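> Test case, fold it:
(chains A, B, C and D)
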Number of protein chains: 4
Amino acid sequence: MSNESVMPTLREFVIERDWGQFHSAANLAKSISIESGELLECFQWNDEARVERVKAELADVLTYAYLLADRIGVDPNEIVLEKLQETRTKYPVEKARGRSTKYDRL
Amino acid sequence: MSNESVMPTLREFVIERDWGQFHSAANLAKSISIESGELLECFQWNDEARVERVKAELADVLTYAYLLADRIGVDPNEIVLEKLQETRTKYPVEKARGRSTKYDRL
Amino acid sequence: MSNESVMPTLREFVIERDWGQFHSAANLAKSISIESGELLECFQWNDEARVERVKAELADVLTYAYLLADRIGVDPNEIVLEKLQETRTKYPVEKARGRSTKYDRL
Amino acid sequence: MSNESVMPTLREFVIERDWGQFHSAANLAKSISIESGELLECFQWNDEARVERVKAELADVLTYAYLLADRIGVDPNEIVLEKLQETRTKYPVEKARGRSTKYDRL
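You can find the predicted model right below:
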C-alpha cells in the first residue's frame, strides 16, 4: 500500500477536527516519544508481547511520524531510503556483518 | 512512494549485514524509543528546529518502525488506517473539533 | 547523602549559567525523556551494559528529574514515598507477589 | 529528606512483592523510558500542566531511577554530583551563561 493513499486520509482526518493548530513539529515530536513509551510498555517486563497490542501502539507511533513528515514537507519513505544510504556508508557490509557495534567503534 | 518499494530495500540491508538476529520485536521497540528521544532533542529548548536535523532523526524512527512492522508481519500503512478508524470513533468530529482534550474527558 | 545537599548545588549551577530561563517544566520533562532514551541505548541490543555508562546516563535522568521537582516545588524523596503509598494499595502483597501483571489485571 | 530514608523503604516494598526478579537493569531502564513518556504526556499539546499530575508521573520516573541506582550499586545523589562536576567542565560559566547551546557548539 502506498503512502499516497494514507497521507490524504490522515490529512482529512486532521482537517475535519481542526487539529492542525495542535500539530506543530515540536508537539508531534513529543507525541512520537509518548507513543514510543506506550509501545515499549508492551515489552516492559519481558520480551514477549501480544501482537495485537504491539500493532496498535506501533500504529500510533507511525501516525504521528507520518504527520510530522507531512508537517515538515517530506515523504516518509523517501527519507527512510535517503537515510539508509548514509547508514550503508557508516556500516559497510564487511565491517558490520553480524555485529551490533556502533559505527564509531567498528 | 509505496511501502512496497521500501520494505524490500530495508530487508536486503538487514540481510546483507546479518542483523536480523538483533531485531527482536523488543529490541526494535527499544530502538524506536531511543530514536524518538533523539528526535525530541531537536526541540529540547525551543520549538524551532532545523528541518534537516528533524528529517534525519525522523527517518531513524520510521526505519525502526518499518522494521518492527515487518517483524510482526503487518503493513505500516494498513495499521495506520486501521487505527485511524478506531480513533474516528473515539473522537467524533462534532465533539473533538478544535479541542486537544483526551477522548475520556471529551 | 541527603537531597538537601544536592539541591542547593544544582540550583547554584543553574543560576551561575542563567539557565533557569530554559528550565520550564515542559522543557525539563522533554529533557528527562531525551536522557531516558540515552540510558535505554545502553541496553539497545542486549541486557548487559557497562556500569560506568549506565551510571552516567542515569545521572542525567536524575539531574533533570531533580530540577523538575524543584521547579514545581516538591521534594524528590517525598513524592517517591507518597506515590509508593498509592502503589501499595494498587498492588497488595498477597495479590502482587511474584507477578509482573499490571494492577488492572491482577 | 535523605535518600537513606527512601532506599530502605523502596527495597522493602520490592522484597515484600518478590519483584526483584523483574528488576534487571535493562527492565528498569525501559521502565524509566516508559514513565518519562507518561510525564511528557502532561505537556503533549501545551506547556501548562496540572502540578498534581506532573508530580505523580515524576514520582514514577524517580522511583525507577532510584531502583536502577540501587541495582547497579550507586547512590542517586552522589552520581548527580559527580556528573555535575563533568558538566561544569563542559559548560564553563563564561561560555555557557544565558545560552542553551550544546557544549560541542559553544
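> all helices of chain A, in order?
Secondary structure of chain A by DSSP state H: the helices cover A:3-17, A:25-41, A:51-71, A:76-90, A:93-96.
> dump the residue contacts of A:Val51.
The neighbours of A:Val51, taking CB atoms under 8 Å, 6 or more residues apart in numbering or on different chains as the test, are B:72-73. For every residue, glycine as well, the C-beta is placed using N, CA and C.
> same thing but at 6 Å, please
The neighbours of A:Val51, taking CB atoms under 6 Å, 6 or more residues apart in numbering or on different chains as the test, are B:Ile72.
> May I have the predicted confidence score for the closest residue to A:Asn27 other than its chain neighbours?
Setting aside the residues directly before and after it, A:Asn27 is nearest to D:Trp45 in space (CB to CB, 6 or more residues apart in numbering or on different chains), at 6.0 Å. In the prediction, the pLDDT value recorded for D:Trp45 is 97.
> Per the annotation, how does chain A divide into domains?
In the assignment given by automatic domain parsing, the structural domains of chain A cover A:1-74, A:75-106.
> Tabulate those domains (a markdown table), appending distance to B:Arg105.
Rendered in a markdown table, the data for the domains of chain A read as follows (distance: least, CB to CB, whole Å):
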| stretch | distance to B:Arg105 |
| --- | --- |
| domain A:1-74 | 15 |
| domain A:75-106 | 31 |
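> which one of those domains is the most hemmed in?
With neighbours taken as mean count of other CB atoms under 10 Å in any protein chain shown, these reach their highest mean count in domain A:1-74, at a mean of 19.
> Quick check: the residue located most distally from the centre of chain A vs B:Arg17, distance?
Going by CA atoms, centre = their mean, the residue of chain A most distant from its centre is A:Glu94, 28.0 Å out. According to CB to CB, to the nearest Å, A:Glu94 stands 10 Å off from B:Arg17.
> rewinding a little: from what I can see the residue nearest to A:Asn27 touches A:Phe22, true?
Yes. At 5.0 Å, D:Trp45 and A:Phe22 qualify as touching, with contact defined as CB atoms under 6 Å.
> Tell me the residues that contact both of the two, please.
Any residue near both D:Trp45 and A:Phe22 by CB under 6 Å, 6+ apart counts here, and that gives B:Ser100.
> Reformat the helices of chain A as TSV; add mean pLDDT.
Supplementary listing: the helices of chain A in TSV, determined by pLDDT from 0 to 100:
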stretch	mean pLDDT
helix A:3-17	91
helix A:25-41	98
helix A:51-71	98
helix A:76-90	97
helix A:93-96	96
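> between those, which gets nearest to C:Ser31?
Judged by CB to CB, the one of the helices of chain A that comes nearest to C:Ser31 is helix A:25-41, at 11.6 Å.
> Looking at chain A, which residue is nearest chain D?
Checking chain A residue by residue against chain D with CB to the nearest CB singles out A:Gly37 as nearest, at 2.2 Å.
> State the pLDDT value of the closest residue to A:Gly98 other than its chain neighbours.
The shortest distance from A:Gly98 to any non-neighbouring residue, by CB to CB, 6+ apart, is to B:Asp18 (4.4 Å). At B:Asp18, the model reports a pLDDT of 97.
> what do you get for A:Phe22?
What the model reports as pLDDT for A:Phe22 is 97.
> for it, what are its contacts?
A:Phe22 makes contacts with B:100, D:45, as judged by CB under 6 Å, 6+ apart.
> That one and chain C, how far apart?
Taking CB to the nearest CB, to the nearest Å as the measure, A:Phe22 falls 14 Å from chain C.
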